[in-house]
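> Attaching a predicted model along with its sequence, questions to come.
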Amino acid sequence: MKTVQSIQKFRESQRRSDTRTGTTLGLIASCAICAVLSLTALYLSLIATSTPLEASQKQQVATAIDLLAQKGFTREAFLLRNLTMFRRGDSWLNSLTKTDSAYAATNFPFQIITLYPDFYSKTMDDTERAMILLHEAQHLQGGDESAAYRYVWQHRQQLGWTQLDHGTTPSYVTISELTRTYAPDLFTCSNKVWRDCTETLEVGSR
């Protein structure tokens with residue numbers, strides 16, 4: 001008799017446990033669905049309140065991405081070519097934190113890049129536009145401003161965006177100054193030209 005009662009109690013306890021587990025799983029699933037729906041709604045609102053690129057702008061972006069791929073930045077090129085939505089006008093979110101001198105802005109993790117007029121007019125050529133996209137690609141991967149400026153500066157030789165080729169362009173001057181602000185440790189080598197640790201030229205070298 002006691003054995004039967006014990007079995008019944010065990011089964012009852014199991015049913016209660018299963019009920020609690022089912023309730024918890026249901027709550028987790030509901031929260032997950034709500035989160036996905038909220039993110040989807042936010043993404044759609046960012047797209048709806050911004051404007052797409054014009055045909056000529058799309059071609060310039062495509063050329064810059066192709067250049068990144070040619071220079072060996074395959075991961076960034078893949079992200080930009082296949083997983084990124086490009087816009088030319090600010091969404092409601094970007095308008096809250098508009099930067100007048102910005103070339104571009106990235107909405108992470110929505111993979112949306114807004115390209116401002118300076119991207120087309122202030123850059124000198126496809127290489128400089130590729131440099132801007134290389135910077136934004138770091139944001140697509142979750143990198144902050146410091147990481148993005150650091151990565152571009154450390155890889156500018158690979159890109160072909162150097163002091164020799166572009167050192168006097170407005171974009172090079174601007175990015176150089178901002179890199180010194182966001183990654184000051186790259187400019188602490190007294191034996192290098194301009195104290196730039198990434199430079200190949202040494203002080204006094206010919």
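Done, it's in. Numbering: from 1, shown residues only.

> alpha carbons only for contacts and neighbour counts from here, please
Fine.

> could you point out which element follows the strand or helix carrying Cys31?
Element membership for Cys31, per DSSP states H and E: helix 2-48. Per DSSP H and E, helix 2-48 leads on to helix 55-70 as the next helix or strand towards the C-terminus.

> Give me the contacts around stretch 97-117.
Stretch 97-117 has contacts (CA atoms under 8 Å, 6 or more residues apart in numbering) with 43, 83-90, 94, 118-119, 132, 136, 139-142.

> distance between the ends of that stretch?
One end of stretch 97-117 sits 17 Å from the other (CA to CA, to the nearest Å).

> Stretch 117-133 now?
14 Å.

> Kindly report the same for stretch 83-94.
Stretch 83-94 has an end-to-end distance of 20 Å (criterion: CA to CA).

> Give the rounded mean pLDDT of stretch 151-169.
Averaged across stretch 151-169, pLDDT comes to 96.

> wait, I meant stretch 74-86
The model assigns stretch 74-86 a mean pLDDT of 98.

> hmm, back to that, from the contacts of stretch 97-117, which would you call buried?
Among the contacts of stretch 97-117, those buried by neighbour count (16 or more other CA atoms under 10 Å) are 43, 84-90, 94, 119, 132, 136, 139-140.

> In helices, which of these appear?
Judged by DSSP state H, the subset of the buried ones among the contacts of stretch 97-117 located in helices is 43, 94, 119, 132, 136, 139-140.

> Pull up the gap between Thr179 and Trp153, please.
To Trp153, Thr179 is 7 Å away according to CA to CA.

> and Tyr116, backbone torsions?
Phi and psi for Tyr116, reported as degrees, to the nearest 10, are phi -90, psi 170.

> what's the answer for Thr49, then?
Main-chain dihedrals, Thr49, degrees, to the nearest 10: phi -100, psi 10.

> repeat for Gly143
Backbone torsions for Gly143, taken as degrees, to the nearest 10, come to phi -70, psi 150.

> Which pLDDT does the model give it?
At Gly143, the model reports a pLDDT of 97.

> Name the nearest residue to Val173, sequence neighbours excluded.
Leaving aside its sequence neighbours, Val173 sits nearest to Gly167 (CA to CA, 6 or more residues apart in numbering; 6.9 Å).

> Assess the claim that that neighbour and Thr174 are in contact.
No: Gly167 is beyond contact range of Thr174, at 10.3 Å (criterion: CA atoms under 8 Å).

> got the contact list for Lys192?
Contact analysis of Lys192 by CA under 8 Å, 6+ apart lists 199-203.

> Most neighbours among the residues you listed, please name it.
Highest neighbour count within the contacts of Lys192: Glu199, with 18 neighbours (other CA atoms under 10 Å).

> what about it, which helix or strand?
For Glu199, there is no host helix or strand (DSSP H and E).

> That'll do, ta.
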